[in-house]
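J.: could you work out the structure for the sequence below:
(2 chains)
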Amino acid sequence: GAVVSQHPSWVICKSGTSVKIECRSLDFQATTMFWYRQFPKQSLMLMATSNEGSKATYEQGVEKDKFLINHASLTLSTLTVTSAHPEDSSFYICSASPLRTGSGETQYFGPGTRLLVL
Amino acid sequence: KQEVTQIPAALSVPEGENLVLNCSFTDSAIYNLQWFRQDPGKGLTSLLLIQSSQREQTSGRLNASLDKSSGRSTLYIAASQPGDSATYLCAVKGQAGTALIFGKGTTLSVSS
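T.: Below is the predicted model of the structure:
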C-alpha cells in the first residue's frame, strides 16, 4: 500500500524558535498534500491544502505567515512553524492522495509529528 | 460548510459484543467517506473507504454502510475484541482533490 512518512516524529523546542516538518510520499506521487493539526482529545482539523508548484490554501483562522508550507516536488511537502509558542504544541499530521487513476481518492496519512514548545 | 458528527463519543463493551458506531454529515453531496482507527498517541489507520456510489464495504469483522441521501454512515464491528479498543474516526470528502473533513471520533473500550 501507499506510504507517507513524516520527519521528525517528535520535536521539543524553545519558544520563539522555528520548526520544520517534512512529509514525503514514498512510493507514489501526489499533486496535493494536506496538513492537519490535532489537539489532545480533539479530532483532526484541516490547516491547509498544499499544491505542488503553487501557494498553499489555508483554512480560516490558520495564519499563513506562521505556518509556512512549501510543496517543492510531487513527493515532498514541508510545514514550518515559525516563532513557535506553547499554544502551537500539537500533533501535526500530513496526508496525500496518489495521482494514479483508480485510487478512489484514498487519502493516506503520515504517522504524525508531535510538537512540544516549552 | 460540511460538519461531521459521531455518536456516541465513547463506548465501553465486553468482549464478544457486536456494536455500531454512527456518523452523520450535514452536506450529502460527498465524494467518498472513510473510517479510520487511531490508537492513543499514534497516527491514523484507514479501515474502510466507501465511494459515494456505494452502499457498503466490508473488511473482516468490519462493515461500513453509507446512506448518502440521509447523510449517515455506520461502522459495524462484529465480535469485538480488546484489540479493537481505539478511537474510530469518520471522515468525508466533498469533492475529488479536496481534503477529508473529520468527526470528533468515538472512543471504544472493549474489556476482556
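J.: read off the pLDDT value for residue A:104.
T.: Residue-level confidence at residue A:104 comes out at 56, pLDDT.
J.: can you check the one 4 residues further on too?
T.: Reading off the per-residue confidence, residue A:108 sits at a pLDDT of 89.
J.: nearest spatial neighbour of it, chain-adjacent residues omitted?
T.: Closest residue to residue A:108 apart from its sequence neighbours, by C-beta to C-beta, 6 or more residues apart in numbering or on different chains: residue A:2 at 4.5 Å. The C-beta positions use only the backbone N, C-alpha and C, and glycine is treated the same way.
J.: quick check, that neighbour in contact with residue A:29.
T.: No: counting by C-beta atoms under 8 Å, residue A:2 does not reach residue A:29; the two are 10.3 Å apart.
J.: overlap of the contact sets of these two?
T.: residue A:98 (C-beta atoms under 8 Å, 6 or more residues apart in numbering or on different chains).
J.: neighbour count: these two, which is higher?
T.: residue A:2 (17 against 13; other C-beta atoms under 10 Å in any protein chain shown).
J.: would you mind naming what in chain A lies close to chain B?
T.: Contacts of chain A with chain B, taken as C-beta under 8 Å from any C-beta of the partner chain, map to A:32, A:34, A:36, A:42-46, A:49, A:93, A:95, A:97, A:104-112, A:114.
J.: buried members of those into ChimeraX, please.
T.: Remark: buried members of those, expressed as a ChimeraX selection using 16 or more other C-beta atoms under 10 Å in any protein chain shown:
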select /A:32,34,36,43,44,45,46,49,93,95,97,104,105,106,107,108,109,110,111,112,114
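J.: ok, the one helix or strand residue B:87 maps to: who's next to it in the sheet?
T.: Assigned by DSSP states H and E, residue B:87 falls within strand B:86-93. Strand pairing for strand B:86-93, determined by DSSP bridges: strand B:32-38 (antiparallel), strand B:100-102 (antiparallel), strand B:106-111 (antiparallel).
J.: which of those strands sits closest to residue A:70?
T.: Closest to residue A:70 of these is strand B:100-102 (C-beta to C-beta; 22.0 Å).
J.: list of residues touching the closest one?
T.: By C-beta under 8 Å, 6+ apart, strand B:100-102 touches A:34, A:36, A:43-46, A:95, A:107, B:2-4, B:25, B:34, B:89-94.
J.: pLDDT on that strand, on average?
T.: pLDDT averaged over strand B:100-102 gives 95.
J.: how far off centre is it?
T.: 11 Å (C-alpha atoms, centre = their mean, to the nearest Å).
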